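Undergrad: give me a model of this one.
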Amino acid sequence: MGIGKSKYFVKNLTACFILLFGSLIINGQDTIKVNSTKNSIYLDFATLKFIGMSSINYERTIFLSEHFKMLGNTGLGGWYLTSITKWYYGYSLPLCLNSLIGKNNNYLEFDLGMRYTYFGERSDKDLSPFFPILNLGYRYQRSNGKGMIFRSFVGTSGFGIGLGKSF
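TA: Predicted structure coming up:
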């Protein structure tokens, strides 16, 4: 993906996030429960033979109803991608929306977003710095949102797990 296409992709993705956040704030503000936590921090690790990532993430509840949660997520971490002849690695900044569907402690989770990557010295500079985040997984989190978070997922970064805490 060229520089022009990357800028076009980022611009459109940013516009979608702004429109989505705006509509959720306007339409869903009165559904947030007072006794539910709104913030969480967790560690993610994922790998699949030639690719992988790890990150520490901050997550904030945007929309909350009885069976659905929308969460904004950002973090800081690292990633790697290998092939037969090349090795790519660097720092990364994930930005995504997490949707949780379920009730009580068990949720089906969908993550959609992008990962901006910084390439290390030995990495190939011709790669686009943007990688998609598309994950499908399971999340255990108490219904009031407090306490431990456990997540397992599969997606563009491989198979992964996450552990964290809500506050």
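Undergrad: helix/strand/coil for K11?
TA: Recorded secondary structure, K11: helix (DSSP: H, G, I helix; E, B strand; the rest coil).
Undergrad: what distance do you get for the closest residue to H67 other than its chain neighbours to G158?
TA: The shortest distance from H67 to any non-neighbouring residue, by C-beta to C-beta, 6 or more residues apart in numbering, is to K103 (5.5 Å). C-beta coordinates here come from the backbone N, C-alpha and C atoms, glycine included. Separation of K103 from G158 (C-beta to C-beta, to the nearest Å): 29 Å.
Undergrad: give me the helices and strands touching the top strand by length along the chain, please.
TA: The strand that spans the most residues within the chain, counting by DSSP state E, is strand 87-103. Counting contacts by 3 or more C-beta pairs under 8 Å, 6 or more residues apart in numbering; DSSP states H and E, strand 87-103 is packed against helix 3-28, strand 51-64, strand 68-82, strand 106-119, strand 130-141.
Undergrad: where among the ones you listed is average confidence lowest?
TA: Of all the helices and strands packed on strand 87-103, the minimum mean pLDDT falls on helix 3-28 (a mean of 59).
Undergrad: pull up the pairing partners for the next helix or strand after that one, direction included.
TA: Remark: after helix 3-28, the chain's next helix or strand is strand 39-48, criterion DSSP states H and E. Partner strands for strand 39-48, per DSSP bridges, with pairing direction: strand 51-64 (antiparallel), strand 158-166 (antiparallel).
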